[in-house]
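Colleague: only geometry, no sequence info:
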């Protein structure tokens, strides 16, 4: 049986896949599917929205690079608690909110949401050390 943290990790991966799909869909709308299917050796200028969506994808991978090991450490060390479960799901919820915050330039909310993402990850890591 999966821990709540591992289930949240699966959800976070689905959020990242959804973010990729949003960015790719926007690229198709703006630049056409031919460019999107090409090797993209030369890229035209992106709209603000497309640029932000692509950066949200990159940021999602950066966040997962910290969140996934934190979840795995908690799961492998059998340190799942209500606090770690809540932190994992807060991470997922914050990532969902982060996408429109980045895409639509919600300042300073994007940074506030990012801080919640990092705090949730740090909570998992801290709980693993206790």
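Modeller: Arrived safely. Just so it is clear, the structure is predicted and the values come from calculations on it, not from any experiment.
Colleague: Show me where this protein has its helices.
Modeller: Along the chain, counting by DSSP state H, helices occupy 4-31, 33-37, 48-76, 82-103, 109-129.
Colleague: of all those helices, which gets the most neighbours per residue?
Modeller: Counting by mean count of other Cβ atoms under 10 Å, helix 82-103 has the highest mean neighbour count of those, with a mean of 20. In this view, the C-beta of every residue, glycine as well, is placed from N, C-alpha and C.
Colleague: list the helices and strands that one packs on?
Modeller: The contact analysis (3 or more Cβ pairs under 8 Å, 6 or more residues apart in numbering; DSSP states H and E) places helix 82-103 against helix 4-31, helix 48-76, helix 109-129.
Colleague: re earlier: export the helices of the chain to TSV and append columns for mean pLDDT.
Modeller: Shown next, in TSV, are the helices of the chain (pLDDT from 0 to 100):
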stretch	mean pLDDT
helix 4-31	96
helix 33-37	79
helix 48-76	97
helix 82-103	98
helix 109-129	97
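Colleague: any idea how far residue 92 lies from residue 7?
Modeller: 9 Å (Cβ to Cβ, to the nearest Å).
Colleague: picking that back up, of the helices and strands packed on helix 82-103, which approaches residue 38 most closely?
Modeller: helix 4-31 (9.8 Å; Cβ to Cβ).
Colleague: Just want the angle from the closest one to helix 109-129.
Modeller: For helix 4-31 against helix 109-129, the angle by axes from the mean of the first three to the mean of the last three Cα atoms, to 10 degrees is 150 degrees.
Colleague: Find the residue at the geometric middle of this protein.
Modeller: Central residue of the chain (Cα atoms, centre = their mean): residue 60, 3.3 Å from the mean position.
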